[in-house]
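Chemist: Below are the sequence and a predicted model for it; my questions follow.
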Amino acid sequence: MKTNSKRKAVPAPAKKAVPAPAKAVVWNLRLYVAGQTPRSVVAFANLKRLCEEHLKDRYTIEVVDLFEQPRVAKDDQILAIPTLVRKLPAPIRKIIGDLSNMERVLVAMDLPPGPNLSRFDKEPANAP
Amino acid sequence: MKKIPPAPRRKTRSERGATLAAETTIESPRRTLPKAPTGIQGLDELTGGGLPLGRPTLVCGGAGCGKTLLAMEFLVRGAVEFGEPGVFMAFEENPSELVTNFGSLGHDLPALIAQKKLAIEFIRVERGEIEETGDYDLEGLFIRLGYAIDSIGAKRVVLDTIEVLFSGLSNTAILRAELRRLFQWLKDKGVTAIVTAERGENSLSRYGLEEYVADCVILLDNRIEGQMTTRRLRIAKYRGSAHGTSEYPFLIDADGISIRPITSVGLNHTAGSERVSSGIASLDAMMGGKGFYRGSSVLVSGTAGAGKTSIAAHFAHAATVRAERCIWFAFEESSSQIIRNMRSIGIDLEPAVQAGLLRIQAERPTVHGLEMHLVNIEKLINQFEPRVIIIDPLSNFIALGSEAEVRAMLTRLIDFLKMRHITALFTSLNTSSIAEEATVVGVSSLMDSWLRLRDVRDGAEHNRLMYLLKSRGMAHSNQCREFFLTDRGVELREVYTGVSGTLVTGTARAVLEAQEKAEDLTRVLSTESKKRLLEQKRHAMEARIDALRADLGAEEIVALQTITEVETSTAVLADNREKMRRLRDSSTGPAAAVVPVNRQPAAAA
């Protein structure tokens, strides 16, 4: 079991961090997974798609595998897998699940609804 | 691999079914369920050794029942006493709160954490922070728990209170599936776990956790009766093990949880034959001159002002004179009040208090519940190690619970005292004279000796009486004795031995005694005079006898004279006749007329 104290020192395995342009606020996102499960793969794909659509060039995604870094789970109070944590911009937001409900993800992340989200018309976003 | 052969053999046997007896003898050593001792006073006795080893136990209860405390004590005692490290997964309190809260109970959690005997994992679940966007599982929880367990090699786990998840996560279907998986996972890990849960309305726990944790369920309860709170514990379920089934009161004090099952003390105390003085010589005399048995329970009951406390003071004083320690649990008077009052009857308790032989523990009974009293008494006894205790009065406990509860508490107290050979004197106030032979709490059957004090109103005064209603295992007086509270203490009056045989006290007794004395006097006087009369009569009679005898003597003398004369004259006559015959024979002589002729008729008469 690895005991790295600094998670940022360890880049997410097999996932790439996308560099953001300096002009806008860079979104710092972290996705917690536990091994390469289908659910975590789905979650990563959903997240990637969302970022590409809404945050092009101004986000970083860090994938943390808790099997490899179990201690990290404590710091971010990770309970459910997968969990997406929006570290920046503040405040910190936590989104659990495989991010398949894109509409709720956008609401939770304070992102304006995208043009491709036709369902938004029927149901205005109001977070519970 | 070597253990495979027995299996087919057993199979063939069971198929045949003929050698059942042989099989049972082989299988006979009863395998008791392996258990993990909690170290909590009383709980291990109730569960027959502890919680099921390697399995989860559900602890349910409302707010403030002591769930968290029970769970934490299980971990701390496990780590300290049984060398089993533990993980505390806190869903409600953060580690610093836990450390502070348990620090006040004397548990040094940071030290245990530093020694890797304890790990606290805080899991914060806030619905506002969490957005659910699709399918998920609780692998994060598993990983965290697994990591914590592995990092200290934990054998014990507490999840307090996992139900918080239900308020933090909305998808209960996922949650229930994950909880089921979690408990199975805990079993697979082989850790002994306590899962706490809120008490539900219709089920044991609010979210029906008993569905998943089915091996052992402990219910905690906090009930208020008459403004006093009593915590109770019940083992609702314990698969594969015998257990106490009643509700057992427990309490939380500075030393944590302690449960007092009545079964924890028993009737197996040894009874010595040593006797201790009651402090009143004449009372001792009523018990063969030796007093009470050591280690016995003595009840002194009576109405208000009957002298109960005074007798207790004698007993306490006598103990301190023997250089024995004594605790006086006073529920009506303060320490200084007792000392002052007892000084007025000539018993000075103060030197004993100063010498550390007597301790007066004065408090209102209503400051604690019954259980707390019991524990305080036990604790103080353990500290002070007295040989004699006084509880004055017992009857005040009745305000703290039902009669059954009070009796149960006293039963435990008396058993506890007997185990330690502590002689106890209880006073009991009888409020009315309606049921004189009944104590308020019906504890007389628990007592070995019962001294009843009575207040007898007679004319313009009331007087005090005492008698031994019972005294097990010794000959004792059947007498009712009147006693006084003098400035030299309690003094029993001599046994009244008047003729009437009825009970007389006070002035009436004095009057009666005087009367009897007078009667005695007159009786004595009359006999004396009768005797004298008789004597006089005898004297008179004897005088008369003397007189008669004198008369007789005189007559005798006369008669004898006459007789002599007659005989003389007869002889003379005969002589004369002889002479005359001789004269006639020889010659006719002239001398024949010598004898006086007139005397002859007298001689013939």
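Modeler: Arrived safely, thanks for sending.
Chemist: Can you pull the residues of chain A lying near chain B?
Modeler: With CB under 8 Å from any CB of the partner chain as the criterion, chain A meets chain B at residues A:1, A:32, A:34, A:39, A:43, A:46, A:66-67, A:70-71, A:73-74, A:77-83, A:92-102, A:104-105, A:107-108, A:127-128. Using the backbone N, CA and C atoms, a C-beta is placed for each residue, glycine as well.
Chemist: Which members of those residues are classed as buried?
Modeler: Among the residues of chain A next to chain B, those buried by neighbour count (16 or more other CB atoms under 10 Å in any protein chain shown) are A:32, A:34, A:39, A:43, A:46, A:66, A:70-71, A:73-74, A:77-83, A:93-99, A:101-102, A:104-105, A:107-108.
Chemist: Which of those residues fall in strands?
Modeler: Assignment to strands by DSSP state E places the following of these there: A:32, A:83, A:93, A:94, A:95, A:96.
Chemist: Domain-wise, how is chain B divided?
Modeler: B:35-264, B:275-495 (automatic domain parsing).
Chemist: Correct me if wrong, but residue A:30 is in a strand.
Modeler: Yes: inclusion of residue A:30 in a strand is indicated when DSSP: H, G, I helix; E, B strand; the rest coil is applied.
Chemist: burial count for it?
Modeler: As a burial measure, the neighbour count of residue A:30 was computed by other CB atoms under 10 Å in any protein chain shown and equals 22.
Chemist: And the furthest pair within the ones in strands among the buried ones among the residues of chain A next to chain B?
Modeler: Taking CB to CB as the measure, those reach their widest spread between A:32 and A:93, a distance of 13.3 Å.
Chemist: Now list whatever residues contact both of these two.
Modeler: Each of residue A:85 lies in contact with both residue A:32 and residue A:93 under the rule CB atoms under 8 Å, 6 or more residues apart in numbering or on different chains.
Chemist: Quick check: nearest residue in space to residue B:112, chain neighbours excluded?
Modeler: The shortest distance from residue B:112 to any residue other than its chain neighbours is 3.9 Å, reached at residue B:118 (CB to CB, 6 or more residues apart in numbering or on different chains).
Chemist: for residue B:242, same thing?
Modeler: Leaving out its chain neighbours, residue B:242 is closest to residue B:48 (CB to CB, 6+ apart), at 5.7 Å.
Chemist: dump the residue contacts of the one you found.
Modeler: Residues near residue B:48 by CB under 8 Å, 6+ apart: B:32, B:35, B:241, B:242, B:243.
Chemist: State the distance from it to chain A.
Modeler: Computed with CB to the nearest CB, to the nearest Å, the distance linking residue B:48 and chain A is 36 Å.
Chemist: Residue B:569 now?
Modeler: As judged by CB to the nearest CB, residue B:569 and chain A stand 171 Å apart.
Chemist: Next: residue B:147.
Modeler: With distances taken as CB to the nearest CB, residue B:147 is found 4 Å from chain A.
Chemist: The residue in the stretch 451-600 of chain B that chain A sits nearest to: neighbour count?
Modeler: Nearest residue of the stretch 451-600 of chain B to chain A (CB to the nearest CB) works out as residue B:472 at 65.1 Å. The criterion is other CB under 10 Å. On that basis, residue B:472 has 13 neighbouring residues.
Chemist: Likewise for the one 4 residues further on?
Modeler: With neighbours defined by other CB under 10 Å, the count for residue B:476 comes to 17.
Chemist: hmm, who's touching the longest helix anywhere in chain A?
Modeler: Criterion DSSP state H: the longest helix present in chain A is helix A:38-54. Residues from elsewhere that reach helix A:38-54, judged by CB under 8 Å, 6+ apart: A:15, A:18, A:27, A:29, A:31, A:33-34, A:59, A:61, A:63, A:81-82, A:84, A:97-100, A:102, A:105-106, A:111-112, A:114, A:116, B:134-137.
Chemist: just stretch B:193-213 next, same as before
Modeler: Stretch B:193-213 has contacts (CB under 8 Å, 6+ apart) with B:51, B:55-63, B:65, B:67-68, B:70-71, B:74, B:156-163, B:166, B:179-180, B:183, B:186, B:217, B:219, B:221, B:236-237.
Chemist: and those residues, which of them are in helices?
Modeler: B:67, B:68, B:70, B:71, B:74, B:166, B:179, B:180, B:183, B:186.
Chemist: that older thread, the spatially closest residue to the residue of the stretch 451-600 of chain B closest to chain A that is not a sequence neighbour: neighbouring residues, count only.
Modeler: The spatial neighbour of residue B:472 that comes closest, neighbours along the chain excluded (CB to CB, 6+ apart), is residue B:448 at 4.5 Å. Residues lying near residue B:448 (other CB under 10 Å) number 21.
Chemist: hmm, back to that, can the ones in strands among the buried ones among the residues of chain A next to chain B go into JSON lines with extra columns for distance to residue B:93 and pLDDT?
Modeler: As requested, those are exported to JSON lines (distance: CB to CB, whole Å; pLDDT from 0 to 100):
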{"residue": "A:32", "distance to residue B:93": "24", "pLDDT": "91"}
{"residue": "A:83", "distance to residue B:93": "23", "pLDDT": "89"}
{"residue": "A:93", "distance to residue B:93": "25", "pLDDT": "83"}
{"residue": "A:94", "distance to residue B:93": "21", "pLDDT": "85"}
{"residue": "A:95", "distance to residue B:93": "26", "pLDDT": "87"}
{"residue": "A:96", "distance to residue B:93": "23", "pLDDT": "88"}
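Chemist: Spell out which parts of the stretch 151-300 of chain B neighbour chain A.
Modeler: Residues of the stretch 151-300 of chain B that fall close to chain A, judged by CB under 8 Å from any CB: B:165, B:169.
Chemist: pLDDT below threshold where in chain A?
Modeler: Low-confidence regions of chain A, defined here as pLDDT under 70, cover residues A:1-24, A:113-128.
Chemist: how about 80 then?
Modeler: Low-confidence segments of chain A (pLDDT under 80): A:1-25, A:90, A:110-128.
Chemist: Next up, the contacts around residue 112.
Modeler: Picked chain A for this. By CB under 8 Å, 6+ apart, residue A:112 lies in contact with A:54, A:106.
Chemist: Correction: the question concerned chain B.
Modeler: With contacts defined as CB under 8 Å, 6+ apart, residue B:112 is in contact with B:76, B:79, B:80, B:118.
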